[in-house]
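Trainee: quick one: sequence plus predicted model below, questions after.
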Amino acid sequence: MVDLLFEAGTCSYEQMVCKALTWGELESWLNVTELTLSQWEKQTLKQMSRAYASESNSARDESARQPSSPEPTQDDTTVKMNTMLSRMRMFTKKD
C-alpha cells in the first residue's frame, strides 16, 4: 500500500500546504494506470494520504520533534513549561 501511495502521489500542494489527495485525484490516477483496487484499498490510500499531509504540515513547525530525536523526558517538559510560564508573566499587567 505504501508503494501505491507514493506512486499515486502522497499529497497535493496548495499555497505551500500539503493537502490529502482528493477522491478525484485518486480516481484519475487509477484510470491512467488502469489499476483496479477494492473500496477498502482506496479508502486506505485516502487515509494514508491524510496522515502523510498532516505529518508533513506538522513537521514544518520549528518546535516539532525530529523523528530521530529521543522522546522528551519529564524534566524536558517541566523546563519547557516553566520557560513558557515565565514568558507569559512578562505580559501580565503590573500595578
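Mentor: Received, thanks.

Trainee: quick one: buried residues of the strand or helix carrying Gly24?
Mentor: Counting by DSSP states H and E, the element that carries Gly24 is helix 23-33. Residues 25-26, 29-30 are the ones in helix 23-33 that count as buried (16 or more other Cβ atoms under 10 Å). Heads up, the C-betas are built off the backbone N, CA and C, glycines and all.

Trainee: ok, now how distant is the residue nearest the centre of the chain from Thr10?
Mentor: Centroid check for the chain by Cα atoms, centre = their mean gives Glu55 as the closest residue, at 1.7 Å. Separation of Glu55 from Thr10 (Cβ to Cβ, to the nearest Å): 10 Å.

Trainee: what does Ala51 give?
Mentor: 10 Å.

Trainee: neighbour-wise, which of the two wins?
Mentor: Thr10 (18 against 14; other Cβ atoms under 10 Å).

Trainee: show me the contacts for the more buried one.
Mentor: Counting by Cβ atoms under 8 Å, 6 or more residues apart in numbering, Thr10 touches 18, 21, 49, 52-53, 56.

Trainee: which regions of the chain sit below the pLDDT cut-off?
Mentor: 65-74, 92-95 (pLDDT under 70).

Trainee: quick one, helices of it?
Mentor: Ranges of helices in the chain, per DSSP state H, are 2-8, 23-33, 39-58, 74-89.

Trainee: how about those helices in CSV, adding distance to Glu14?
Mentor: Shown next, in CSV, are those (distance: least, Cβ to Cβ, whole Å):
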stretch, distance to Glu14
helix 2-8, 17
helix 23-33, 12
helix 39-58, 10
helix 74-89, 32
